[in-house]
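Chemist: with the sequence up front, the predicted model follows.
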Amino acid sequence: MANFSLEDVKALRERLGTGMVDTKNALVEADGDIEKAVEILRLKGAKGNAKRADRSTSEGLVAVVESATAVTLIELACETDFVAKNDKFVALADKVVAALADSGAETVDAALAVAVDGTTVGALIEDQAATIGEKIELRRVARIAGEKFAVYLHRTSKDLPPQIGVVVAFTGDDVETARSIAQHISFADPTYLSREDVPEADVENERRIVEQISREEGKPEAALPKIVEGRLGAYFKQVALLEQDYARDNKLNVGKVIADAGLTVTGFARFKVGA
């Protein structure tokens, strides 16, 4: 009989986050040697990582960290909501985002190469994926520089970590309104700050589409320019933050709310898990 107790199984599971059966089997194979069992579980998990490479990661969380001049926002993805709310997964996200605070990393590739605890963020994630037993990936990274920041994290389910994260960089003193803009962004999901930021190619493509739709609806030729511009306005309301109707009062647009509060929004980012 292997030389280990139920307390050994419990301690090892808490240390690595592994399943009961795998933990017991590893201790049996290691004849009760805790460190050898750790090695067995890690090697088994590492082999499993390759098999999990093509699996879907539709769950996870968002996390943020603020440095002196920027806020970094990440989406750390996993396969199941069970893992998403696991303490070890949440701790991994905290460690990853903390490592990125002063790194300047703005892309996933750059973030994965950042040093942490004598290894890299990428290796740390792989190691944790091996012990947790699911595919885990750093899906997105954004670094928003600015003078002041409003951060809003939203839980789509009370028993899960934040699933939507928004960072707004701004100047001005009305912190409450800045936070309300972050909340608006979490709901309205704009792509750009202003209509001037929308790529010209996208605008022209939208113009072509709405003009064709208007012609097919039999709109008078003379009225087409005004109709097309009106429909383009609706498009800008969808994609440009400053053009959108304010979520708290749809009689106002966001641009007016920001101006009335004496704020200037200089940048933003929004992540939603799995989106």
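Modeler: In hand now; what should we look at?

Chemist: all helices for the protein, in order.
Modeler: For the chain, the helices defined by DSSP state H cover 6-16, 20-29, 34-51, 81-84, 87-100, 108-112, 121-132, 175-188, 200-216, 224-239, 254-260.

Chemist: pLDDT value on residue 128, please?
Modeler: At residue 128, the predicted lDDT confidence score is 86.

Chemist: surely it touches residue 88?
Modeler: Yes: between residue 128 and residue 88 there is a contact at 6.9 Å, judged by CB atoms under 8 Å. Just so you know, the C-beta spots here come from the backbone N, C-alpha and C atoms, and that holds for glycine as well.

Chemist: looking at these two, which one has more neighbours?
Modeler: residue 128 (23 against 16; other CB atoms under 10 Å).

Chemist: who are the contact partners of the more buried one?
Modeler: Counting by CB atoms under 8 Å, 6 or more residues apart in numbering, residue 128 touches 88, 89, 92, 136.

Chemist: closest one of those residues to residue 267?
Modeler: residue 92 (27.2 Å; CB to CB).

Chemist: double-check the closest one against residue 77; I have them as touching.
Modeler: No: with contact defined as CB under 8 Å, residue 92 and residue 77 do not form a contacting pair (11.6 Å).

Chemist: for residue 68, which of the helices of the chain is the nearest?
Modeler: Checking the helices of the chain against residue 68 by CB to CB gives helix 87-100 as the closest, at 14.0 Å.

Chemist: could you give the angle of that closest one to helix 121-132?
Modeler: On the basis of axes from the mean of the first three to the mean of the last three CA atoms, to 10 degrees, helix 87-100 is oriented at 180 degrees to helix 121-132.

Chemist: picking up where we left off before, find residues that contact each of residue 92 and residue 77.
Modeler: Between them, residue 92 and residue 77 share the contacting residues residue 136, judged by CB under 8 Å, 6+ apart.

Chemist: ok, back up a step: in CSV: the helices of the chain, plus distance to residue 149.
Modeler: Output for the helices of the chain, formatted as CSV (distance: least, CB to CB, whole Å):
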stretch, distance to residue 149
helix 6-16, 36
helix 20-29, 42
helix 34-51, 35
helix 81-84, 25
helix 87-100, 14
helix 108-112, 19
helix 121-132, 22
helix 175-188, 8
helix 200-216, 28
helix 224-239, 23
helix 254-260, 15
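
Chemist: quick one: mean pLDDT over stretch 172-179.
Modeler: Average pLDDT, stretch 172-179: 98.

Chemist: just the buried residues of it, please?
Modeler: 172, 174, 177, 178 (16 or more other CB atoms under 10 Å).

Chemist: please point out which parts of stretch 90-107 sit buried.
Modeler: Per 16+ other CB under 10 Å, stretch 90-107 contains these buried residues: 90, 92, 93, 95, 96, 97, 99, 100, 101, 103, 105, 106.

Chemist: nope, stretch 248-263 is what I was after
Modeler: For stretch 248-263, burial by neighbour count (16+ other CB under 10 Å) applies to 253, 254, 255, 257, 258, 261, 263.

Chemist: closest to residue 156 out of those?
Modeler: residue 254 (22.7 Å).

Chemist: what residues go with each domain of the chain?
Modeler: What automatic domain parsing lists as the domains of the chain is 6-51, 55-145.

Chemist: reformat the ones you listed as a markdown table; add distance to residue 229.
Modeler: Shown next, in a markdown table, are the domains of the chain (distance: least, CB to CB, whole Å):
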| stretch | distance to residue 229 |
| --- | --- |
| domain 6-51 | 53 |
| domain 55-145 | 32 |
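
Chemist: which one of those domains is the most hemmed in?
Modeler: domain 55-145 (a mean of 19; mean count of other CB atoms under 10 Å).

Chemist: and the domains of the chain, which one is worst for confidence?
Modeler: Lowest mean pLDDT of the domains of the chain: domain 6-51, a mean of 73.

Chemist: contact partners for the nearest residue to residue 160 once chain neighbours are set aside?
Modeler: Excluding the flanking residues, the one nearest residue 160 by CB to CB, 6 or more residues apart in numbering is residue 85, at 5.3 Å. Going by CB under 8 Å, 6+ apart, residue 85 touches 159, 160, 161.
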